[in-house]
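Asker: A structural model of the following input is requested.
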Amino acid sequence: MYASFQFRKGWNVQFLERDLLTPLRMTVTFASPEKIIEMAKRGGADLNLESRAGLQHGIEIGRGGFYLNLTDEQYSRLL
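Answerer: Numbering: from 1, shown residues only. Next up is the predicted model:
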C-alpha cells in the first residue's frame, strides 16, 4: 500500500494499492506533519536514513509519499 500526501489547508493523505493506480476510498487529513511521520511508523514503513530524509523532504515541499507494510487488520480498516 502507498500513502500519498500533500498540503492543502491541512495534510491530506490518500491511499493507493501497490499498483499506484487504484485509490482506496478512505482519505485522512492531519493538522500537523508529525502525524504523517507517526502514520508511517505505525504502518510499518521502512524508515531507514534515506527514506526518512525523503519523507522529510516531501513534508518540506508540501507533497510526497511512502509505502506502508500494513497488517491484514490495518488494511481491512482502510477498506
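Asker: list the contacts for V13?
Answerer: 3-5, 27-30, 36, 39 (Cβ atoms under 8 Å, 6 or more residues apart in numbering). C-beta here means a position set from N, CA and C on the backbone, and glycine is covered the same way.
Asker: host element of it?
Answerer: Using DSSP states H and E, the element containing V13 is strand 11-16.
Asker: report the backbone C-alpha coordinates of that strand in CSV.
Answerer: Extracted in CSV, the C-alpha atoms of strand 11-16 (Å, rounded to 0.1, in the frame of the first residue of the first chain):
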residue,chain,number,x,y,z
TRP,A,11,-2.1,17.4,5.3
ASN,A,12,-4.3,15.3,3.0
VAL,A,13,-3.3,11.6,2.7
GLN,A,14,-4.7,9.4,0.0
PHE,A,15,-4.0,5.6,-0.1
LEU,A,16,-3.2,3.7,-3.2
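Asker: parallel or antiparallel, which strands does it pair with?
Answerer: Strand 11-16 pairs in its sheet with strand 2-7 (antiparallel), strand 23-30 (antiparallel), by DSSP bridges.
Asker: report all helices and strands that the lowest-mean-pLDDT helix or strand in the chain contacts.
Answerer: The helix or strand of the chain with the poorest confidence is helix 72-78; it has a mean of 85 (mean pLDDT, DSSP states H and E). Helices and strands touching helix 72-78, by 3 or more Cβ pairs under 8 Å, 6 or more residues apart in numbering; DSSP states H and E: there are none.
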